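In: test case, fold it:
(one chain, ligands or ions: 1)
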Amino acid sequence: MISFMKQYVVRDMNKISVAIHGTGFIGLVSGCCFATRGIKAINSTFNKGNCERINNGESPFFENGLDELLKEAVSSGNFKCVVGRDKAIEESDISIIAVGTPMRKDNSIDLYFIKQTARQIGHALKKKDEYHLIVVRSTVVPSTTRNLVGKLVEEASGKKMGKDFGLCMQPEFLAEGRSIEDTFKPDRIIIGELDQKSGDILQSLYERFYGNYLENCPILRMNLESAELVKYGNNCLLATKISYANEMARIAELVVGVDIVQVMKGVGLDYRINEEFLGAGVGFGGSCLPKDVNAITAFAKSKGYNPRLLTSVLDINADQTIHVVSLLKKELPDIKGKRIALLGLAFKPGTDDMRFAPSIRIAHHLIDEGASVIGYDPVAEIEAEKILGNSIDYASGVEEALYDADAAIIITEWDEISTIKVEDFKKYMKTPIIIDGRRVYNPEEYNNDIRLVSFGRTEIS
Ligand code: UGA
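Out: A predicted model of the protein is given here:
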């Protein structure tokens, strides 16, 4: 779907160099993917230790397949990581901004790193004569790219946007744990552009990067502000689907014999809806959905509109971690002093990311009620310890987590956890009470020796 005349080209697209400012999921994965397809990529960071590790082919965080991809990128000769922005900008034609936009205490977006990076790019551009394209890939509230990034670069460089430098906003849709696959196989590319020249250059980069793949992947061009809102529209709808499924699960629990998994399967088969993100359970976490729904809600409120649907989406999500404890207390009314195993701590499988993980809130609720908590996660223990410290114990495997436990809660559906056998629960636990917060076990397969409580399903007794 390449339908735009390219009137402008930055020198030879085959010799294009891209600077990526930021070495998180988006930044590092993008840099490595460009490099392995022959595009020179320079990641920039201010963290010397991380820079060294990256140049040695070692990712500073866990992401499926990234260590291998990084090694491939480094040995291709097309990739390097540098400290500071200047060198990366001097040697490149395009700057991609991929720094974090965390949540402030008041739940609004924190644009500190965006502002800092825009100024740094501006300072570097002051020393450069050539036209440079700046692409914002960080998630930012509408008007940030033009009114903050563009203006700050102008101020710091003394140059004019649209004349000396171009500006694009290209939202990213990478999910953690599958960010390499999502980068190589996107379902669409959204290009928000200040002007046609900016958009043409970015489109040319992706034509070079994706080749024939673009025949099945539309490139949609629009203005900067609409592109910024596409990202929020996307994450808000994903979060809404999850909270909707959780609300339906709570209704399912009111009627004996109803099973939310079957209900959502039935609903999801509607071609207008689809089955994705209708998984009921302990709710959504991570660095994106909670942050983005909160940020756009705060943004809307700051402009005088109260987004009631999104507020409810967040409320329902918060409730699910309280609900899991009430389901447990139906089985074990007094949890004071009881040993509760949390199986899975990361916000989802395939990552060690603990940001806004439901496990954190569940652990706090249990500790507040006097329970003793032991957690197990195949990769997230170190990250979990940074947040939960010694308020819980950490097991080195499923067996140790279950040993002598009064109950277990399934929080993250790692394969290793989804395949635990009924016999193992019986063998290791003091009382085999399982609260399945991700609907990984088939209730039909469990016999009377074990008590399986499944979200969104009330047993026919
Ligand atoms: C999300 C989006 O899926 C990406 O498209 C987006 O690019 C990314 O945020 C971002 O803004 O950067 P991510 O946070 O990595 O990606 O993870 P998801 O796979 O979306 O899962 C988010 C949470 O929802 C997890 O805690 C997961 O367990 C939960 N979830 C997901 C459910 O509770 N039920 C479901 O059916 C699906």
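In: where does the stretch 351-461 of the chain dip in pLDDT?
Out: Counting by pLDDT under 70, the stretch 351-461 of the chain has low-confidence residues at 447, 460-461.
In: neighbours of Thr458, how many?
Out: By the measure other Cβ atoms under 10 Å, the count of residues near Thr458 is 15. All C-beta atoms are positioned from the backbone trio N, CA, C, and that covers glycine.
In: same check, this time on Ile322
Out: 11.
In: how about the closest residue to Ile219 other than its chain neighbours, phi and psi?
Out: What sits nearest to Ile219 in space, not counting adjacent residues and going by Cβ to Cβ, 6 or more residues apart in numbering, is Ile189, at 4.7 Å. For Ile189, the backbone dihedrals are phi -120, psi 120 (criterion: degrees, to the nearest 10).
In: return the distance of Ile189 relative to the ligand.
Out: As defined by Cβ to the nearest ligand atom, to the nearest Å, Ile189 lies at a distance of 13 Å from the ligand.
In: ditto for Tyr446
Out: Distance, Tyr446 to the ligand, using Cβ to the nearest ligand atom: 22 Å.
In: repeat that for Phe34.
Out: Per Cβ to the nearest ligand atom, Phe34 is found 18 Å from the ligand.
In: confidence score at that residue?
Out: What the model reports for Phe34 is a pLDDT of 98.
In: cool, Gly177 as well?
Out: Listed pLDDT for Gly177 reads 88.
In: and stretch 378-387, what's buried?
Out: By neighbour count on 16 or more other Cβ atoms under 10 Å, the buried set for stretch 378-387 is 378-381, 383-385.
In: and what of stretch 443-451?
Out: 446, 450-451.
In: how about stretch 189-202?
Out: Within stretch 189-202, the residues that count as buried by 16+ other Cβ under 10 Å are 189-194, 196-202.
In: nearest residue to Gly375 in space, please, no chain neighbours.
Out: The shortest distance from Gly375 to any non-neighbouring residue, by Cβ to Cβ, 6+ apart, is to Leu342 (4.3 Å).
In: secondary structure of the one you found: a strand, I assume?
Out: Yes: inclusion of Leu342 in a strand is indicated when DSSP: H, G, I helix; E, B strand; the rest coil is applied.
In: ok, it touching Ile417?
Out: No: contact status for Leu342 versus Ile417: not in contact, 10.4 Å apart, counting by Cβ atoms under 8 Å.
In: who's more crowded, those two?
Out: Counted by other Cβ under 10 Å, Leu342 and Ile417 do not tie: Leu342 has more neighbours, with 28 against 22.
In: the more buried one bridge partners, please.
Out: With beta bridges defined as DSSP bridges, Leu342 has these partners: Gly375, Ile409.
In: ok, it to the ligand distance?
Out: Applying Cβ to the nearest ligand atom, the value for Leu342 to the ligand is 14 Å.
In: who are the packing partners of whatever helix or strand Lys241 lives in?
Out: Counting by DSSP states H and E, the element that carries Lys241 is helix 224-252. Applying 3 or more Cβ pairs under 8 Å, 6 or more residues apart in numbering; DSSP states H and E, we find helix 224-252 packed against strand 165-169, strand 189-193, helix 260-268, helix 289-302, helix 308-331.
In: any chance of a markdown table for those, columns mean pLDDT?
Out: Listed next are those as a markdown table, based on pLDDT from 0 to 100:
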| stretch | mean pLDDT |
| --- | --- |
| strand 165-169 | 98 |
| strand 189-193 | 98 |
| helix 260-268 | 97 |
| helix 289-302 | 98 |
| helix 308-331 | 97 |
